[in-house]
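S.K.: Okay, here's the prediction I keep looking at, along with the sequence it came from:
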Amino acid sequence: MCVEAAPPPSSRLTRRGVLAGAAALAGTVTVASPASASRRGTERGGTERGGDLVIQGGTLLDPATGDVTEDSVVVIEGGVVRAAGPRARVAVPKGAKTLGAHGKWVLPGLVDAHIHLSTAAEARDAVRAGVTSARSGSTNFYQDIAVRELARRLPARAPRLRAAGVFVTPDLGDTVLADPDLTPLARLRDGVRSAEALRRVVEVNLARGADVIKTRVNERAGLPDQDPLTQVYSREQLSEVVAAARRGGKGVLCHSYSEKGCHDAVTAGVLSLEHGAFVGERTLHEMRRRGTYFTPTLTAIAGLAASSDPVLAERGRAYLPVLKRAVLAAHELGVELAAGTDSSGGKVVPVGREVELMREAGLPALDAIRTATTAAARLLGVERTVGRLARGFAGDAIVVDGDPLADVSVLKTPVRVVRAGVAV
């Protein structure tokens, strides 16, 4: 059977069914019925109402403006910031639950723009590390879609998440078992390469509720038997992925390494370039012109250098300085940078480490912080509610023991995390 002869993604496989299966894989709670949720008082338009909390006494940093407010007060009601500013100008509700931050700094919750969350435990660990919003880098069986739903109903247990569903890649492997509408692709001798096959994977992802689409242009750096400079998709193939995603109103993030691969991805219209170690000046200028984001995942590349595998260790040592130079060049040209750790496999690296590496690459401290707050929020399309502690924004915050403008490394170890008005 040709892929083009296959019917549209089946409506018989319901979104609720996908969520139930993905939730089982992710180890999350299943979606409760409206009646039972109402009995628990947790159902508020499909989400759990956030908490009420006042964070007071800390030094508040607004990444958008760079303003620093000493002895600040942040009032959160129902998981949303109602007021934030100096104590003298902000009224504290009587009887409000308070979190003292005296001698500490208060910032909005951080954003990890490239993370793989496949289990409830990973989602929990991400929140504890200060990540209150994130974008998935894909999962094998839609687990990220289940984690997204968990975050909506139990905010303190997971970051709000933009889910990518399954990876658009030539070899789907066991991912064809994630969905009956993907199984016909297992017959393709050359894998997911034709225009029809590429569109099919995108369409199935969209039918199952993906918020973004993840694809690749190069092989992986983290596998010693692959060459990350080898290109697996052409610009024309990537354009098919982008066009199919746009028909569903979604953007595409693209795994990349080689300069040609990066350039093909950008000119094909991807929303963000991931990794991109060897991106060149020509492509960076094109990114600036198009508004393409750069998520370099410095953390992941630095991690390779510590590998016990000699091939990966050498790759990490060679790639990291090249990528740092690319990050600084992108910043100087005005390309938007977003922090992403590429955490996966049960280990969640604090996104504060990515901010630290951005700073090491040459970004000023405030701009490095913005890559994990305001800039990353824009990439996720949540800039009106995430990335600041201002009226109307999400009641997500971290409290750190030190001045992040003097030492961004304090972001790696927040002393308190608040998610939707609930102290985690």
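M.R.: Perfect, I can see it now.

S.K.: where do the helices sit along the stretch 301-424 of the chain?
M.R.: Remark: helices assigned in the stretch 301-424 of the chain by DSSP state H, counting those that start in this stretch are 310-333, 351-360, 365-370, 374-380.

S.K.: For R152, grab the count of nearby residues.
M.R.: Residues near R152, counting by other Cβ atoms under 10 Å, number 17. C-beta coordinates here come from the backbone N, C-alpha and C atoms, glycine included.

S.K.: so which of the helices of the stretch 301-424 of the chain comes closest to L223?
M.R.: helix 310-333 (8.3 Å; Cβ to Cβ).

S.K.: Flag every buried residue along stretch 333-344.
M.R.: By 16 or more other Cβ atoms under 10 Å, the buried positions in stretch 333-344 come out as 335-344.

S.K.: wait, which of those residues is closest to V408?
M.R.: The closest of the buried residues of stretch 333-344 to V408 turns out to be A339 (Cβ to Cβ; 10.8 Å).

S.K.: Show the contacting residues for that closest one.
M.R.: For A339, the contacting residues are 110-113, 295, 351, 354-355, 358, 371-372, 376, by Cβ atoms under 8 Å, 6 or more residues apart in numbering.

S.K.: After the lowest-mean-pLDDT helix or strand in the chain, which helix or strand is next?
M.R.: Sorting the helices and strands of the chain by mean pLDDT, DSSP states H and E puts helix 34-40 at the bottom, at a mean of 36. The helix or strand immediately downstream of helix 34-40 is strand 53-56, counting by DSSP states H and E.

S.K.: returning to what we had before: can I get the contacts of A339 in a markdown table including distance to P404, neighbour count and pLDDT?
M.R.: Shown next, in a markdown table, are these (distance: Cβ to Cβ, whole Å; neighbours: other Cβ atoms under 10 Å; pLDDT from 0 to 100):
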| residue | distance to P404 | neighbour count | pLDDT |
| --- | --- | --- | --- |
| L110 | 11 | 32 | 99 |
| V111 | 15 | 33 | 99 |
| D112 | 17 | 34 | 98 |
| A113 | 19 | 31 | 98 |
| T295 | 21 | 28 | 98 |
| V351 | 13 | 29 | 98 |
| E354 | 14 | 34 | 98 |
| V355 | 8 | 29 | 98 |
| M358 | 12 | 29 | 98 |
| T371 | 13 | 32 | 99 |
| A372 | 10 | 34 | 99 |
| A376 | 16 | 31 | 98 |
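
S.K.: Return the member of those nearest to L188.
M.R.: T295 (29.7 Å).

S.K.: Check the gap between that closest one and H275 for me.
M.R.: Here T295 is placed at a distance of 8 Å from H275 (Cβ to Cβ, to the nearest Å).

S.K.: Nearest the middle, which residue of the chain would you pick?
M.R.: In the chain, the centroid-proximal residue (Cα atoms, centre = their mean) is R135; its distance is 2.2 Å.

S.K.: And that one, which helix or strand is it part of?
M.R.: Assigned by DSSP H and E, R135 belongs to strand 131-136.

S.K.: looking only at pLDDT, what's the mean for whichever helix or strand comes after that strand?
M.R.: On the C-terminal side of strand 131-136, the closest following helix or strand by DSSP H and E is helix 143-153. Mean pLDDT, helix 143-153: 96.

S.K.: cool, and stretch 69-76?
M.R.: What stretch 69-76 shows for mean pLDDT is 98.

S.K.: Not counting its own residues, what contacts that stretch?
M.R.: By Cβ under 8 Å, 6+ apart, stretch 69-76 touches 50-60, 62, 81-87, 90-93, 96, 101, 106, 389, 395, 397, 418, 421.

S.K.: Repeat that for stretch 315-334.
M.R.: With Cβ under 8 Å, 6+ apart as the test, stretch 315-334 has contacts from 221, 228, 275-279, 281, 284-285, 287-288, 294, 296, 298, 301-307, 337, 357-358, 360-363, 367.

S.K.: Looking at those, which are in strands?
M.R.: Those of these mapping onto strands are 275, 294, per DSSP state E.

S.K.: so what's D227 closest to, chain neighbours aside?
M.R.: Once flanking residues are discounted, D227 sits nearest to E219: 5.6 Å by Cβ to Cβ, 6 or more residues apart in numbering.

S.K.: Look at the one you found and say how many residues are nearby.
M.R.: E219: 20 neighbours (other Cβ under 10 Å).

S.K.: what's the answer for the one 5 residues further on, then?
M.R.: The burial count assigned to P224 is 15, neighbours taken as other Cβ under 10 Å.

S.K.: gap between the closest residue to it other than its chain neighbours and L304?
M.R.: Spatial nearest neighbour of P224, excluding adjacent residues (Cβ to Cβ, 6+ apart): V311 at 4.0 Å. V311 is 9 Å from L304, where distance means Cβ to Cβ.

S.K.: ok, now E354?
M.R.: For E354 relative to L304 (Cβ to Cβ), the value is 15 Å.

S.K.: and S239, helix, strand or coil?
M.R.: helix (DSSP: H, G, I helix; E, B strand; the rest coil).

S.K.: before we move on, back to that, quick one, which of V311 and L304 is more surrounded?
M.R.: Taking neighbours as other Cβ under 10 Å, V311 and L304 compare with L304 leading, 20 against 13.

S.K.: doesn't L312 make contact with that one?
M.R.: Yes - between L304 and L312 there is a contact at 4.9 Å, judged by Cβ atoms under 8 Å.

S.K.: any shared contact partners between the two?
M.R.: In contact with both L304 and L312: 221-222, using Cβ under 8 Å, 6+ apart.

S.K.: and A326, how many residues sit next to it?
M.R.: Other residues close to A326 by other Cβ under 10 Å number 26.

S.K.: typed the wrong thing, it's R416
M.R.: Other residues lying near R416 total 19 when counted by other Cβ under 10 Å.

S.K.: so it touches D396, yeah?
M.R.: No - R416 is beyond contact range of D396, at 11.8 Å (criterion: Cβ under 8 Å).

S.K.: any idea how far the residue nearest to P224 is from R391?
M.R.: For V311, the distance to R391 - Cβ to Cβ - is 52 Å.

S.K.: again, but for E383
M.R.: Distance from E383 to R391, by Cβ to Cβ: 15 Å.

S.K.: Please say which of those two ends up with more neighbours.
M.R.: Neighbour count, other Cβ under 10 Å: between E383 and R391, E383 has more, with 17 against 12.

S.K.: Could you pull up the contacting residues of that one?
M.R.: 374, 377 are the contacts of E383 under Cβ under 8 Å, 6+ apart.

S.K.: Pull the contacting residues for A195.
M.R.: 237, 240.

S.K.: low pLDDT regions in this protein?
M.R.: 1-8, 10-21, 24-25, 28-48 (pLDDT under 70).

S.K.: Much appreciated, bye for now.
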